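Chemist: how would this look folded up:
(chains A and B, ligands or ions: 2)
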Amino acid sequence: MTAVETTVAPRAGIKARGFGKLFATELKVWLRDPAAVFFALVFPSLLLLGLGLAIPDFSKPMTDAPPPWNEAPGVTSYLPTIIALAVGTIALTTMPVQFATFREKGILKRLSTTPMPPQNLIGAHLVINVLALIVSTCAAVVGSMVVLGVPFAADPLTVLLVLVLSTSAMFSLGLLVAARAEKGATASGLGMLLYFPSLMFSGVWVPLSVMPDWMETIGLYLPLGAAAQGLTVGWFGTDGFPLAQVLVLVGWTVVLFPLGVKLFRWT
Amino acid sequence: MTSPVVEVRNLRKTYPGAGRGAAPKTAVADVSFQVARGEIFGILGPNGAGKTTTVECLAGLRHADGGTIRVLGHDPQADPTAVREHVGVQLQEAALHDKITVGEALDVFGSFYPQRADSAELLDLLDLTAHRDQQFGKLSGGQKQRLSIALALVGRPQVAILDELTTGLDPAARRATWDLVERVRDSGVTVLLVTHFMDEAERLCDRLVVIDAGRVVAEGTPAALIEGLEGHRGVRLRFADDAARSRAAQLLTALSERDPDVVGVVPAGDEIEVTGTRKVLFAVVQALAAADVVPDDVRTVERTLEDVFVQVTGRAYRAEENEEVAA
Ligand SMILES: Nc1ncnc2c1ncn2[C@@H]1O[C@H](COP(=O)(O)OP(=O)(O)OP(=O)(O)O)[C@@H](O)[C@H]1O
Ligand SMILES: [Mg+2]
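Modeler: Residues are numbered from 1 along each chain as shown, chains lettered A, B, ... in the order given. Ligands and ions are numbered 1, 2, ... in the order given. Sure, this is the predicted structure:
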C-alpha cells in the first residue's frame, strides 16, 4: 500500500479550503432563524423607536443640556444605551446559544473529522455576528435620526473606537459563556444571568443621565456599562475622551478573550 | 503482501472519572486489529464495550493513553490532520443545523476536500434525491442517518468509519442501509463498521473483532468464528408429551457422555436442544431410533455470532442494557 500522498496541512482561517462556502452557507442558514434575526437585527431599533415615540420626555428638547444639544430631543441620550444593548444582545443572548448548540448537536465534532477545523465555524459566526451588529447599529442610528430627529455623533471616531472595543469585550464574554456549556439551554441561562444586570448598568431602565453615582461607578467597571458610558461621551463630544471606559474595555478583552479560547471545548 | 490500511496495536484509553472523586473509567484496555484495503471490517460489541472510543482514537478525535495506531501510513494521534482528507467519519451522535438543506450540507462539506464526490450521484446512491431541498430538522431518522453517511463519503475517502449506522432505523431501512454499505465497499472504499448488532456484523463484515469491556475477545471472519464454536451445530427436538421428552433427555444425556460428537443437551422451553459436531444430528436420530423414542419434530438450529459471544465471555449477549437477549 502507498501512504497517503503528502498534502498541504489543513489551514485555519479564511485560507482553509471551502471557507467561503462555509461562510456563505452559515449566513444563509442563520438568516432562516427568525428569532435570532429579530433579536440581533430588529429588536434594538424597535425598542428605541417605540420608546422614543411613546415617552413624552423623549420627544421634548433637552433644555438643560449645553448647546447645541439643548435643541436635541430627549431620546438622544438614550441612543448610546441602545447601541450598547445591541452589542449585549448579540454577545450574551444569540451568540452563546448558537455556539453551545453547535456543541450539543455534535456539529463541532463532526467538523473535527473533516479537513475544516471547527475553529473556522466559530470564526465564521463571529464575523456573521459582527455583520449583524453593524446592521442593527446602523438601523438604530439612522432610524433615530430620521424618525426622531436625533443629531449625529459629535465625535464619530470615538464612537467607532468605543463600539469596536465594546464588541471585542462583549464577544469575548459571550465566548466564555459558550466555552463549556454542553447544551444551548445552559448557555442561554448563563447568558441571561449576565445580560439583565449588564442592561441595568448601561442605562436601559434607569437612563445614564439620572443614574445615581454609585451605579455609574459600578457601571464603569462592567464591560457593557463602560460601553454605554464611552458611547455617550463620544456621541455628545462635550466631555473629552472616555479614557477610563476605553481602558476598562481593553482590560476585559485582554482577560476574557484568551480565557474563552483556552476553555472552549471543541467536542 | 500489502500492508494494512488501518493498524491498531495495544490501544488503551482511560477516561478521568466524571466529577470529584469518581473512579477513572478504562474504556479501552487492550485492542489490536488490522484492516485490509477493500474490506468491510467490523468492530462488534455490547453497549459500553469501547467501540466508539476505539474509532475516535483512530480518527484522531481523542488522545489514546497507550498503543500505536496507523491509518493509511500516518499516525492520527501525532498528526490528526494528516488523514482528514482521506478518512470519512460518520459519528454515532452528530447532527447538523436544523435549517440546512440536504443539498446545502453536501455542498458545504464537499467544498472542504480536494476531490469531491458528485452530489447527484451520492444523493442517488443514498436514496436522498427527492429530499435534496428538505431541511435537516424535517428529515426522518433514517434519512438523517443516510445524509450522515453521504457526508462521510463526499470527500471520496479511502476509508469510511461508520459508527452505529443502523441504530434507530426500522427493519426495512436497516436492510437498505446494509445494501448501501456493500455498494460503498464495492466502489473501492475500505469500511470500518462499528455495531452492536450481531446480525448486522454477520451479514456485512468480511472480518471482524468482537470487543467486550475494552478487550478483543474474538477475531476472524464471521463464518470462521461460528465454525470454530465448540458444538457449533444444534438440533432441536419436540415430543408429543412430557414422558417422551424426559425419556429422550435421559437417553441423550447418556449419549453425550459416551459420544464425543454430542457436546451438550439442554432443555429449551418444551423442546430439547442438542449441540455437537456436524455428526450430531445423525447420532441423535440413531440413538432415539434404537430406543424407539420418536420425536414429533426435529429442527437444526443455526449458530450465530451471538453463540460466539456467549462462548468467549460466558455471558449472554445483551446488545442494549435493560433489553432482553436479542432473538
Ligand atoms: N467522554 C467520556 N467520559 C467518560 N467516560 C466515557 C466517555 N465516553 C465514553 N465513556 C465510557 O467509556 C466506556 C466505553 O464507551 P464507548 O462509547 O467507547 O462504548 P461503545 O462500545 O461505543 O458503546 P455503545 O454501543 O453504547 O455506543 C463506557 O463505559 C462509557 O460510559
Ligand atoms: Mg458507541
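Chemist: write out the residues of chain B neighbouring ligand 1.
Modeler: Contact residues (CB under 6 Å from any ligand atom) of chain B with ligand 1: B:15, B:18, B:25, B:27, B:45, B:47-53, B:92, B:164, B:196. For every residue, glycine as well, the C-beta is placed using N, CA and C.
Chemist: which parts of the chain are helices?
Modeler: Looking at chain A here, since you left the chain open. For chain A, the helices defined by DSSP state H cover A:19-30, A:34-37, A:43-54, A:56-59, A:79-89, A:95-104, A:107-112, A:118-148, A:156-180, A:184-201, A:213-221, A:223-236, A:243-263.
Chemist: the chain in question should be chain B.
Modeler: B:51-58, B:102-110, B:119-125, B:141-153, B:171-186, B:198-204, B:222-227, B:242-258, B:280-290, B:305-313.
Chemist: returning to that earlier point: confidence-wise, which of the residues of chain B next to ligand 1 comes last?
Modeler: Minimum pLDDT for the residues of chain B next to ligand 1 is recorded at B:A18 (70).
Chemist: gap between that one and B:K25?
Modeler: 8 Å (CB to CB, to the nearest Å).
Chemist: flag every residue of the stretch 101-250 of chain B that's near chain A.
Modeler: By the rule CB under 8 Å from any CB of the partner chain, the part of the stretch 101-250 of chain B lying against chain A is B:104, B:107-114, B:151-152, B:155, B:158.
Chemist: just the buried residues of the residues you listed.
Modeler: By neighbour count, with 16 or more other CB atoms under 10 Å in any protein chain shown, those hold B:E104, B:D107, B:V108, B:F109, B:G110, B:S111, B:F112, B:Y113, B:L151, B:A152, B:G155, B:Q158 as buried.
Chemist: before we move on, the earlier item: can you redo the helices of chain A as a markdown table with distance to ligand 1, mean neighbour count and mean pLDDT?
Modeler: Converted to a markdown table, the helices of chain A look like this (distance: least, CB to the nearest ligand atom, whole Å; neighbours: other CB atoms under 10 Å in any protein chain shown; pLDDT from 0 to 100):
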| stretch | distance to ligand 1 | mean neighbour count | mean pLDDT |
| --- | --- | --- | --- |
| helix A:19-30 | 27 | 18 | 96 |
| helix A:34-37 | 30 | 14 | 88 |
| helix A:43-54 | 38 | 18 | 93 |
| helix A:56-59 | 54 | 13 | 88 |
| helix A:79-89 | 34 | 27 | 96 |
| helix A:95-104 | 13 | 24 | 95 |
| helix A:107-112 | 11 | 22 | 94 |
| helix A:118-148 | 17 | 18 | 95 |
| helix A:156-180 | 14 | 22 | 97 |
| helix A:184-201 | 17 | 19 | 95 |
| helix A:213-221 | 38 | 14 | 95 |
| helix A:223-236 | 33 | 28 | 96 |
| helix A:243-263 | 17 | 17 | 97 |
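Chemist: of all these, which one comes closest to B:G88?
Modeler: helix A:107-112 (11.1 Å; CB to CB).
Chemist: which strands and helices sit next to the closest one?
Modeler: helix A:118-148 (3 or more CB pairs under 8 Å, 6 or more residues apart in numbering or on different chains; DSSP states H and E).
Chemist: which strands and helices sit next to the helix it packs on?
Modeler: Judged by 3+ CB pairs under 8 Å, 6+ apart, helix A:118-148 is in contact with helix A:19-30, helix A:43-54, helix A:79-89, helix A:95-104, helix A:107-112, helix A:156-180.
Chemist: let's have those in CSV, adding distance to B:E7.
Modeler: Below are the helices and strands packed on helix A:118-148 laid out as CSV (distance: least, CB to CB, whole Å):
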stretch, distance to B:E7
helix A:19-30, 33
helix A:43-54, 56
helix A:79-89, 52
helix A:95-104, 32
helix A:107-112, 22
helix A:156-180, 35
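Chemist: what about the strands in the stretch 1-150 of chain B?
Modeler: Assigned by DSSP state E, counting those that start in this stretch, the stretch 1-150 of chain B shows strands spanning B:6-15, B:25-35, B:40-44, B:66-71, B:87-90.
Chemist: dump those to CSV, plus mean neighbour count and distance to B:V209.
Modeler: Converted to CSV, the strands of the stretch 1-150 of chain B look like this (neighbours: other CB atoms under 10 Å in any protein chain shown; distance: least, CB to CB, whole Å):
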stretch, mean neighbour count, distance to B:V209
strand B:6-15, 18, 9
strand B:25-35, 20, 5
strand B:40-44, 26, 6
strand B:66-71, 18, 14
strand B:87-90, 27, 19
